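Asks: Give me the fold of what follows.
(3 chains)
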Amino acid sequence: MILEDVRYYQPETIREAVDAYREAAAEGLSVHYMGGGTEITTHARDGKLAPGALIDIKRIPEANGISRGSGVIRFGAAVTLTRIADSGDVPLLSATARRIADRTTRNSITLGGNIAGMLPYREAVLAFLIYGGTFEVTGPEGTRTAAARELFDRRVRLEDGEFIVALSIPESASTAPWYYTRRERDGRVDYPLVTFAAGLVRDAVAFAVAGAFLAPIAFSVPAAGVTRDVVVNELKALGLKYRTDMRGSAEYRRALTERACRDALDALGKGAQ
Amino acid sequence: MTRLHVNGEEREVVVRTGDTLARTLRDTLGLIGTKIGCENGDCGACTVLVEGIPIKSCIVLTLDIADRLITTIEGLTDTPLQRAFVEEYGFQCGFCTAGQILNATELLGRSPKPTDDEIREQMESNLCRCTGYEGIERAVKRAAGIELPLQKGSHT
Amino acid sequence: MSDVPRHLGVSYRRKDGPDKVHGRVRYTDDHRIPGLLHAAVKTSPVAHAMIVSIDTDDARAIPGVRGVFVGEDFPDHVGLYLGDKTALARGRVRYFGEPIAAVVADTERIAERAVRAIQVKLKELPLVSSPREALRPDAPIIHPDMAEYACIPAILPEPGSNVGHRTRIRKGNVTDAFAKADTVIEGEYEFPPGDHVAMEPRVAIAEVTADDQIIIRTSTQSPYNVRAIMSATFGVSPAKITIITPAVGGGFGGKAGIQLEPLAYLLSRGVGGRPVRLVNTREQDLVSSPGAPGLQSRVKLGAKSDGTLLAAEIEFLFDSGGYADYAVNVARAAGYACTGPYRMPNVRADSLSVYTNHPFATAYRGFGHIEMSFSIERSMDLLAEKLGIDPVELRLKNAIRPGDTTPSRNVLDPNTGNLPECLRRASKAIEWNGPEPVHLGGERYRAKAVSAFWKAPAIPTFTDASAVVTFNEDGSVNVVTGVVEIGQGIFTGLSQIVAERLGIHPDDVHPVVEASTDRSTHDWQTAASRAIFMAGRAVIAAVDDAIDQIKRVAAQPMRCPSEDLTVDGGRVFLTDDPGEGLPLSKVVLGYVYENGNAIGGPVIGRGSYISRHLTDIDPETGKGRPGLEWTLGAEGLEIEVDRSDGTYRVLRVACAMDVGRVINPQLARGQVVGAIAMGIGYSTREAFVFDSRGRVVNGKLRDFKILRYGEHPEYHVDFVETPQRDGPFNARGLGEQGIIGIPGALAAAASRAAGGQINSMPITPELLWRTANAAAEATE
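Replies: Numbering: from 1, shown residues only, chains lettered A, B, ... in the order given. Alright, predicted model coming up:
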């Protein structure tokens, strides 16, 4: 199936983007902000999405580039996953980005697109959840920043007309100990059964998991005296249901996740007991 | 009319907003070397270079890249990679070949002597059903001037 | 002709190389046709249902729509062997994804829009979701009208049931043999259907001229078969049908027989004969068009304590899905090859093609032999374990040899390949040292396995090929055949055969690539690993015919008997005085004397081949000679498994195959290596996943995975060359066979590494993890 025609905007400023949204929404069109467009094109072909207007944010300067300042590393939402993977600024983020889809698709997929898209995996958000990152969000009501762990609750909680401009991570994340693993059913270019990330953040071990449940989740435990049982119990206390789908059963996902807890602690030097 | 820069030429064409680059290349510009194998970003047969970067043209809107330089397989002539794909039997049916070659072209431009991991990260973007990837691996390595391992077995 | 081959066993580069690496090869959908209309198809969202109503009014009202069609518009039954299918479902849908309605419109976009506007009302029927379910006495009957379907004599449908075909093999006395056996083992095996995933989705572009000529450009392995079936189905003379096939983007059996052509033709006819393009989306190619059959099987083997096989009792239930297509003949082929390549004096086997509400199945590389082999090889390993015999020794001991009989009781002649040698070479290549896994530390284990395979082509008794060679002014040669280039490099191989026979260089041989039934020469189809064997024989005959003509013409100016002449090196010359001769360029279009007189005229060599000594098999006992030549071989592989999470890696795979004669080593290796990779994918991931209503949930390439770069193992390929005396330069077919032994070997190695028995596929990490867990619990 080919996409039906859409209203296509290529704003060069945040202001133009928000104006475009207002204009298209006022006409009753179904409006979507667009990064690489890989999900929009595939979902439109599927019939899962029938966009009336697309606002491509890739030409907005604030949504581009990777920069450092004020103790944070800032990633434009329109930066591609390939660039993030190759940048190495935050090793955990790069490692996570490097395993989403495949490289030539990552050349199109953007950071914001992965996190705000329709697919339930949104793996690029894991590092931001672990390191206490922030979202820079803009919309008709202006620009705001919000803590990743607050704005992201299973998905990004955006208000009508808002889009992600950039995400930031404290600079300390570029050297903090981290752990990452990903398991798939059929080889690594596939959606994950489990994507499991962990990092030492001050006096806590922070964990973030995608694929295992309906949406990405994050939690942390005090680093002192942490054991695999502590982590697994903390995970259980969240009361989440493991997913069963064509790729794997809940039982298998649980086993992979719990095993990753142990491996993460070993890798972070916290699981000796 | 939209101006596209393809293989060193400027082309003025009518593009609909819903057109993907793969469709424009094939249906509007007649560049049929770009193949559509899944139209879902899964197989890589439609891979082309945009500003030298390989992307899957079936999941990218044409208007999105309208002012950028596009290279399709028709834009490559007798490159070392193309010769290596012939010499190392890096194809059989040939349907995925343009995408394989364009993708590998960027790899070798960026990393002239790529490691096995780099080759894998790059080439796992493109499916091939015929070759079992042996010839593709050898073609990429040959073009990079990497010493080829001996093929194992009789008649090699 | 020289005694030492000059162009055989040489890896010439592929003739299609330059065009393929420059994107210059035109496949079916790359041809631009003026006035082309575009078709789109509405498919069934459920697996089994009655069609209550189809409302096409909204679709018809869309500007640019030229026609909307439903099953009632096209009543003709189409069938390869069994006429059980209409181009669009009529009254009932039998599988998820079955085409229900079709639209023809000015553009693809309009056609898609119109398809979405078609309203279909369905009433779901009880689901049949496996062959065993289908055979229950109370199972819903998927084809209540089976008795009325037209059918070829070799296929034996059982109306009133879901059995599309049953092959019976009755050899020796199984009851007595089991009574005498020291050891008996039994195993059950199963796996779901899957798909070929050729990179080029199927496409057909049809038109009907004002003179009622039907012209179809199509991505097929079978131009002449398509023409024959179209002719029979629609009552049109074959002369009024032209099937044109350029290069094909992968076949693997999925483009054999008849595919989109009847619907494309009907749609064109429905819009006044204008050209209509019908192309599968990838999703339709996976699910709506036919794929690989699933299987449920049982095998019981009896042996002496020394491992000598005595008897086999075998049941293969092929899951043909909603329609029979090739699956009926797949079951037949698996039936007469049912024991695998082992000497088995007593056999009782039933091989059935069974209807279910799954996507329907067609030919798939190996044609029933992968399924057969998985069942037999798993059983052989079970037997070896029970007997405490090395599994390779067990295979060597029972390996079939010349003089032994097949399940259909024909005696293997001296042309039969050397299976023990293949077993030894495959074992050596993987450094076989027994079935015990190696513990690498932690929960990581490595294990190896070896399997043996065989396959003869499943072909009509009168399978043919033909060729014509003509010449150009410079003495170079054109070759016309009816074979199709599907990736195998056939025209490079055939050029080498022509070059060898004629004594010229392969660069001077120019095969015509595009097959067109009005200009090519008749050829059964490019399937069953036939092209090099049959078209190879035909081109040799054509070259010999041309050589005779060249000698006859040259004999006159050279004033000698034609039998004194030799053709070689682009010349015709006196055998005993090679300096005396003429360049071919002076002879092949006629010889012109100095005074202007001319003789001869253009040389046209013609060559035909038809399969020899084949018979149908007896419906009660399976006795007969269905197999032209058996290609034998063995495969070995090594796998590493982490029992803690089931992750695995196939480290290396070896295949040793007796191919008679290697024509082009790299092309031959490419076939084997590609087949191995396909076999790994087939064993580990390529299977449809169904929901409780029989709907395919992984019917997209995003979810239905094939092997990817980096997941391929190290390959080892050995060719053994025991001459096939009736093959072209002693060669036999080798295109499919490399896939056959992989599932059995992979399951065996995975079982050893995981510590428990794996008798189903796909062998996913989760299955390995479960197997390892169950084994660990059992030993605790």
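Asks: So chain B: which segments form each domain?
Replies: B:2-75, B:80-144 (automatic domain parsing).
Asks: most packed of these?
Replies: The highest mean neighbour count among the domains of chain B, using mean count of other Cβ atoms under 10 Å in any protein chain shown, belongs to domain B:80-144: a mean of 23. Placement of C-beta: from N, CA and C, glycine included.
Asks: Now do that domain: distance from first to last residue.
Replies: 9 Å (Cα to Cα, to the nearest Å).
Asks: to the chain's geometric centre, what's the distance from it?
Replies: 9 Å (Cα atoms, centre = their mean, to the nearest Å).
Asks: Mean pLDDT added to the domains of chain B, as CSV?
Replies: Formatted as CSV, the domains of chain B follow (pLDDT from 0 to 100):
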stretch, mean pLDDT
domain B:2-75, 97
domain B:80-144, 98
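Asks: Alongside chain C, which residues does chain A contribute?
Replies: Residues of chain A lying close to chain C (Cβ under 8 Å from any Cβ of the partner chain) are A:1-2, A:4, A:47, A:183, A:185-187, A:189-190, A:246-249, A:252, A:255-256, A:259.
Asks: distance between the lengthiest helix in chain A and the chain's centre?
Replies: Determined from DSSP state H, the single longest helix within chain A is helix A:250-267. Centre-to-centre, helix A:250-267 and its host chain are 20 Å apart (Cα atoms, centre = their mean).
Asks: Dump it to PDB, restricted to CA.
Replies: Taking Å, rounded to 0.1, in the frame of the first residue of the first chain, the C-alpha atoms of helix A:250-267 are listed here in PDB:
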ATOM      1  CA  ALA A 250       6.300 -14.600  29.800                       C
ATOM      2  CA  GLU A 251       8.100 -17.400  31.500                       C
ATOM      3  CA  TYR A 252      11.100 -17.200  29.200                       C
ATOM      4  CA  ARG A 253      11.100 -13.400  29.400                       C
ATOM      5  CA  ARG A 254      11.100 -13.600  33.200                       C
ATOM      6  CA  ALA A 255      14.000 -16.000  33.200                       C
ATOM      7  CA  LEU A 256      16.000 -13.800  30.900                       C
ATOM      8  CA  THR A 257      15.200 -10.700  32.900                       C
ATOM      9  CA  GLU A 258      16.100 -12.300  36.200                       C
ATOM     10  CA  ARG A 259      19.300 -13.700  34.800                       C
ATOM     11  CA  ALA A 260      20.200 -10.200  33.500                       C
ATOM     12  CA  CYS A 261      19.700  -8.900  37.000                       C
ATOM     13  CA  ARG A 262      22.400 -11.300  38.200                       C
ATOM     14  CA  ASP A 263      24.700 -10.600  35.300                       C
ATOM     15  CA  ALA A 264      24.300  -6.800  35.700                       C
ATOM     16  CA  LEU A 265      25.300  -7.000  39.400                       C
ATOM     17  CA  ASP A 266      28.300  -9.200  38.500                       C
ATOM     18  CA  ALA A 267      29.300  -6.700  35.800                       C
END
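Asks: tell me which residues in that helix are buried?
Replies: Residues of helix A:250-267 classed as buried by neighbour count (16 or more other Cβ atoms under 10 Å in any protein chain shown): A:252-265, A:267.
Asks: quick one: A:Ile169 is in a helix?
Replies: No. Membership of A:Ile169 in a helix is not supported by DSSP: H, G, I helix; E, B strand; the rest coil, which gives strand.
Asks: correct me, but it touches A:Ala127?
Replies: Yes. At 6.6 Å, A:Ile169 counts as touching A:Ala127 under the criterion of Cβ atoms under 8 Å.
Asks: circling back to that earlier point, let me have the domains of chain B in JSON lines, extended by distance to A:Arg98.
Replies: Listed next are the domains of chain B as JSON lines, based on distance: least, Cβ to Cβ, whole Å:
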{"stretch": "domain B:2-75", "distance to A:Arg98": "16"}
{"stretch": "domain B:80-144", "distance to A:Arg98": "7"}
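Asks: The stretch 151-273 of chain A: strands as residue ranges?
Replies: Counting by DSSP state E, counting those that start in this stretch, residue ranges of the strands within the stretch 151-273 of chain A are A:152-153, A:155-156, A:163-170, A:178-183, A:194-201, A:204-210, A:217-222.
Asks: Chain A contacts on chain B?
Replies: B:16-20, B:23, B:39-41, B:44, B:47, B:53-56, B:58-61, B:63-64, B:103, B:121-122, B:124-126.
Asks: which residues in chain B form strands?
Replies: B:2-6, B:9-13, B:47-50, B:53-56, B:69-71, B:152-153 (DSSP state E).
Asks: buried residues in the helix or strand where C:Lys551 lies?
Replies: Assigned by DSSP states H and E, C:Lys551 belongs to helix C:536-555. Residues of helix C:536-555 classed as buried: C:536-547, C:549-551, C:553-555 (neighbour count, 16+ other Cβ under 10 Å).
Asks: other SSEs contacting it?
Replies: Packed against helix C:536-555 by the contact rule (3 or more Cβ pairs under 8 Å, 6 or more residues apart in numbering or on different chains; DSSP states H and E) you find strand C:464-471, helix C:490-502, strand C:565-568, strand C:571-574, strand C:604-610.
Asks: quick check: longest helix of chain B.
Replies: helix B:97-110.
Asks: Need the contact partners of it.
Replies: Helix B:97-110 is contacted by residues A:104, B:33-35, B:43-49, B:52-54, B:71-73, B:76, B:79, B:81-82, B:85, B:90-91, B:114, B:118-119, B:122-123, B:125-126, B:128, B:136, B:139-140, B:143-144, C:20-21, C:23 when judged by Cβ atoms under 8 Å, 6 or more residues apart in numbering or on different chains.
Asks: mind redoing it with 6 Å?
Replies: A:104, B:33, B:44-45, B:47, B:49, B:54, B:73, B:81, B:91, B:114, B:122, B:125-126, B:136, B:140, B:144, C:20, C:23 (Cβ atoms under 6 Å, 6 or more residues apart in numbering or on different chains).
Asks: taking those residues one by one, which sit in helices?
Replies: Going by DSSP H, the helices hold A:Thr104, B:Leu81, B:Gln122, B:Ile136, B:Val140, C:Lys20 from the contacts of helix B:97-110.
Asks: If anything else comes up later, I'll come back, but that's it for now.
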